[in-house]
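sharing a model that was predicted from the sequence below.
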Amino acid sequence: MSKQVQVRRTTVPQIASRKGGEPIVSLTSYHAHTAAIVDKHADFILVGDSLGMVMHGMESTVGVPLDLMIMHGKAVVRGTQKALIVVDMPFGTYEESPGVAFRNAAKIMKETQCGAVKVEGGARMAETIRFLTERGIPVMAHIGLTPQSSHVMGGFKTQGRDEDTWALHEADAKAVSDAGAFAVVLEGMVEPLAARITKQIPIPTIGIGASVDCDGQILVLEDMLGLNEWTPKFVKVYGQLGPMIEQAVEEYAKDVKGRKFPTEDEVYR
Ligand code: KIV
């Protein structure tokens, strides 16, 4: 008789309960193979719409279509067993009304089997966050630097440099928390503001270019692996995979040109 070992995925309540506790580890991932590696160490994996820029060479995340998010979401769910999978709702799929947001969030959850969605925006998205969570869709919020609004913000700019704006960001954090978001990403926000918000709200804050005091941290995987030529200055690069891949490709090209290409009877490992 065979015994099946069932691995349980991290749940939304488990992430929510980590407020003020052991820091929450998270990374983005867009493919089954990298997700399987990240799954060993991450509490949640975000299928971020940053994939438009990182993987598909877009100038911003604004052009990312819903179907692309669903395709990558499916791959990441297939490649993982343990982490909670959160899929970004792309620009234009949730801002219009709570009803439109519900229809698209339900499509993402049904087709990918992910555990939650993420939406950008603070107080202005509170009604939608409440609408979704009351109908069974867990929502992670995202405030501070919100890349989908980069055209309005005038680029990818750190938020909160002017202390007069702090009250607005604090109100955003309170609004999404009161509306039922189970966690909130604080992106590109000056350190003391992110630390203050973390103290003020009862849900975990996930920092990216924000504060070490956040309840968890997230980075774009390709940034921390050294795969992108440009990375934001707050990113610690933990591996130099870009140069390693280039070296491997160069050696391969030399082998092919020197007719040293492996044949069937040569064993390389
Ligand atoms: O799209 C993304 O990867 C994100 C993270 C940077 C938080 O939203």
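Thanks, I have it.

so who does the residue of the stretch 51-200 of the chain found nearest the ligand touch?
Closest approach between the stretch 51-200 of the chain and the ligand, counting by Cβ to the nearest ligand atom: residue 185, at 4.8 Å. Heads up, the C-betas are built off the backbone N, CA and C, glycines and all. Neighbouring residues of residue 185 by Cβ atoms under 8 Å, 6 or more residues apart in numbering: 118, 140-144, 205-208, 218.

mind redoing it with 6 Å?
142, 206 (Cβ atoms under 6 Å, 6 or more residues apart in numbering).

okay, and it sits in which element?
strand 183-187 (DSSP states H and E).

heading C-terminal from that strand, find the next helix or strand.
By DSSP H and E, the next helix or strand past strand 183-187 is helix 191-200.

thinking residue 191 is in contact with residue 211, fair?
Yes - with contact defined as Cβ atoms under 6 Å, residue 191 counts as touching residue 211 (4.7 Å).

which one of these two has more residues nearby?
Using other Cβ atoms under 10 Å as the criterion, residue 191 and residue 211 rank with residue 211 on top: 19 against 15.

does that one belong to a helix, a strand or coil?
coil (DSSP: H, G, I helix; E, B strand; the rest coil).

gap between it and residue 147?
19 Å (Cβ to Cβ, to the nearest Å).

list the contacts of residue 145.
Here residue 145 is in contact with 159, 187-188 (criterion: Cβ under 6 Å, 6+ apart).

which residue is the nearest non-sequential neighbour of it?
residue 188 (3.0 Å; Cβ to Cβ, 6 or more residues apart in numbering).

that neighbour: neighbour count?
Quick note: residue 188 (other Cβ under 10 Å) scores 21 neighbours.

contact residues of the stretch 51-200 of the chain facing the ligand?
For the stretch 51-200 of the chain, the residues in contact with the ligand (Cβ under 6 Å from any ligand atom) are 88, 142, 185, 187.

backbone dihedrals for the second one, please?
It stands for residue 142. phi -150, psi 110 (degrees, to the nearest 10).

surely it meets residue 117?
No - using Cβ under 6 Å, residue 142 is not in contact with residue 117; the gap is 10.7 Å.

need the strands for this protein, in chain order.
24-28, 44-47, 84-88, 116-120, 139-144, 183-187, 205-208, 216-219 (DSSP state E).

contact partners of the biggest helix by length in the chain?
Of all segments of type helix in the chain, defined using DSSP state H, the longest is helix 241-257. With Cβ under 6 Å, 6+ apart as the test, helix 241-257 has contacts from 225-227, 261.

select only the buried ones of these in PyMOL?
To isolate the buried ones among these in PyMOL, judged by 16 or more other Cβ atoms under 10 Å, type:
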select buried, resi 225+226+227
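
which of the contacts of helix 241-257 fall within helices?
Using DSSP H, none of the contacts of helix 241-257 sit in helices.

of the contacts of helix 241-257, the lowest pLDDT goes to which?
Lowest pLDDT of those: residue 261, 74.

quick one: contacts for that one?
By Cβ under 6 Å, 6+ apart, the contact list for residue 261 reads residue 255.

distance-wise, check it relative to residue 247.
From residue 261 to residue 247 the distance is 18 Å (Cβ to Cβ).

just for the protein, where's the confidence low?
1-5, 267-269 (pLDDT under 70).

any idea what the spatially most central residue of the chain is bridged to?
Centroid check for the chain by Cα atoms, centre = their mean gives residue 46 as the closest residue, at 3.3 Å. Counting by DSSP bridges, residue 46 forms beta bridges with residue 28, residue 86.

gap between it and residue 247?
Residue 46 is 30 Å from residue 247, by Cβ to Cβ.

which residue packs closest to residue 66, ignoring adjacent ones?
Residue 66 sits nearest to residue 93 (Cβ to Cβ, 6+ apart), 5.2 Å away.

distance of the one you found from residue 100?
Residue 93 is 7 Å from residue 100, by Cβ to Cβ.
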